[in-house]
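> Need the 3D shape of this:
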Amino acid sequence: MPPVPPKNAGPVREAHRFDEARLDAWMADHVDGYTGSLQVCQFKGGQSNPTYWLADRERQYALRKKPPGKLLQSAHMVDREYRVMHALRDTDVPTAKMYALCEDESVIGTPFFVMEFVQGRLFWNVQLPELEPAERAAIWDELARVLAAIHTVDLDATGLSDFGRPNAYVARQIKRWTKQYLASQTSEIDRMNQLIEWLPANLPDDEATSLVHGDYRLDNVIFHPSEPRALAVIDWELSTLGHPLSDLAYTCMLYDVALPKIGGLAGVDFETSGIPSEEKLVARYCELVGRDGVPDLHYYKAFSLFRLAAIAQGVYKRSIDGNASSAEASMFGAAVPHLAGIACGLVGIG
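Numbers count the residues shown, from 1 in each chain. The predicted structure follows:
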């Protein structure tokens, strides 16, 4: 029996179709053990880089590709995703096995890579309503453990010491996401303008460098089907060398928001839910990495919210242009002023 597509994968969307016969031929030449009779489906989500389920006669794969159309410079770097996951194969960071990278656009229209398809659970709601309190506690503790594992990766041993510039990460990120935001801007948003001015003028005096995921959140971790154990961290498109607190803050901003699909942790009863409070999560992370507290957490959270708002603006702009990878992309337009407003509130501006 050939593999059956998972429930969260369906027909390839019109804007993301490609020549499957060419991919079949490429797989036969570049993927060890490939047995032919290619099946192709597209996963829901994958807002930035469209993601596909593939199968041959025996084995399942996942494919990540750049989206079609005109793209912002330095975005959708599938080659970097491939490199970092391949480099982490022998570390404590759980990642899928990498099979092959293709940078030849003539195969399916854009660069892509093929990796192992990891079967497990994806949790889309951070409040984990389907689990019992003890299970929620275990999942969140594993989320902290894996984040700490990412931030303690030996950069020299993994060959990632040149994966990014070592200093001034947050300053450069603010500049980058300001540029990305302005390039995809569709209206004037006062809160975003305030953050663009305030964030670079109030940088914390704290330099630290580690591998950072750049989009570390619960639904970017595939968990074991029945155990609170991470099997693979996915969506490494924004990974680089940078300040580890940016990743931590990206997780912690959930304590201040309620987002479509993902939800949020604002208003959760941490005493009964099993989900750790922000204070406990931060303390657990600091214990795992050997850090003595996070005095500037509000700043890093505001930065994370600003960056998320800039990403949301990009998704919204692509929906207007007709090449976003999700039919739900238009709702991201409304998220931009909402996220910017929360960021301003955290740091007391506006």
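
> Spell out the residue ranges of the helices in the stretch 1-150 of the chain.
All helices of the stretch 1-150 of the chain, identified by DSSP state H, counting those that start in this stretch, fall at 20-30, 78-87, 133-151.

> would TSV of the ones you listed with distance to Ala96 be doable?
In short, each C-beta sits where N, CA and C put it, glycine included. Formatted as TSV, the helices of the stretch 1-150 of the chain follow (distance: least, CB to CB, whole Å):
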stretch	distance to Ala96
helix 20-30	16
helix 78-87	6
helix 133-151	14
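
> What is the burial count for Pro228?
18 (other CB atoms under 10 Å).

> Name the nearest residue to it, sequence neighbours excluded.
Ala138 (3.5 Å; CB to CB, 6 or more residues apart in numbering).

> And the one you found, how close does it get to Ala230?
Distance of Ala138 to Ala230, computed by CB to CB, to the nearest Å: 11 Å.

> now swap in Lys66 and tell me
Lys66 is 26 Å from Ala230, by CB to CB.

> got it, and Arg318?
From Arg318 to Ala230 the distance is 30 Å (CB to CB).

> neighbour-wise, which of those two wins?
Shown here are Arg318 and Ala230; by other CB under 10 Å, Arg318 has more neighbours (24 against 20).

> from what I can see that one touches Pro68, true?
No: the criterion here is CB atoms under 8 Å, and Arg318 misses it with Pro68 at 10.1 Å.

> circling back to that earlier point, separation between the residue nearest to Pro228 and Tyr285?
16 Å.

> got it, and His338?
Taken as CB to CB, the span from His338 to Tyr285 is 26 Å.

> now do Ser210
Ser210 is 12 Å from Tyr285, by CB to CB.

> need the contact list for Ala168.
Glu207 (CB atoms under 8 Å, 6 or more residues apart in numbering).

> Identify all contacting residues around stretch 135-147.
With CB under 8 Å, 6+ apart as the test, stretch 135-147 has contacts from 93-94, 123, 128, 131, 213, 216, 218, 221, 223, 228-230, 233, 247-248, 251, 273-276, 281, 284-285, 288.

> swap the cut-off to 6 Å and go again
Under the criterion CB atoms under 6 Å, 6 or more residues apart in numbering, residues Leu128, Tyr216, Pro228, Ala230, Gly274, Ile275, Pro276, Arg284, Tyr285 lie in contact with stretch 135-147.

> can you tell me which of those are in strands?
With DSSP state E as the criterion, strands contain Ala230 from among the contacts of stretch 135-147.

> Let's have the contacts of stretch 135-147 in TSV, adding pLDDT and distance to Val84.
Formatted as TSV, these follow (pLDDT from 0 to 100; distance: CB to CB, whole Å):
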residue	pLDDT	distance to Val84
Leu128	96	27
Tyr216	95	13
Pro228	98	25
Ala230	98	16
Gly274	98	32
Ile275	98	29
Pro276	98	28
Arg284	98	25
Tyr285	98	21
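
> Just the buried residues from the contacts of stretch 135-147, in PyMOL please.
If you want just the buried ones from those in PyMOL, going by 16 or more other CB atoms under 10 Å, the selection is:
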select buried, resi 128+216+228+230+274+275+276+284+285
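
> biggest separation within the contacts of stretch 135-147, which pair?
Tyr216 and Gly274 (20.6 Å; CB to CB).

> what about the spatially most central residue of the chain, distance to Val12?
Central residue of the chain (CA atoms, centre = their mean): Asp215, 3.3 Å from the mean position. In this view, Asp215 and Val12 are 24 Å apart by CB to CB.

> per-residue confidence at Asp256?
Turning to Asp256, the model gives it a pLDDT of 93.

> can I assume Val336 is in contact with Ala310?
No: Val336 lies out of contact with Ala310 (CB atoms under 6 Å); the separation is 8.1 Å.

> Poorly predicted segments of the protein, please.
45-48, 69-76, 260-262, 323-330 (pLDDT under 70).

> and with 80 instead?
45-49, 68-77, 259-263, 320, 322-331, 350 (pLDDT under 80).

> Pop the domain breakdown of it in here.
9-116, 133-347 (automatic domain parsing).

> Tell me which residues of stretch 12-24 come out buried.
Buried-residue list, stretch 12-24, by 16+ other CB under 10 Å: His16, Phe18, Leu23, Asp24.

> Columns distance to Val40 on top of the residues you listed, output as TSV?
Output for these, formatted as TSV (distance: CB to CB, whole Å):
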residue	distance to Val40
His16	10
Phe18	9
Leu23	7
Asp24	9
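
> What is the nearest of those to Gly267?
His16 (37.1 Å).
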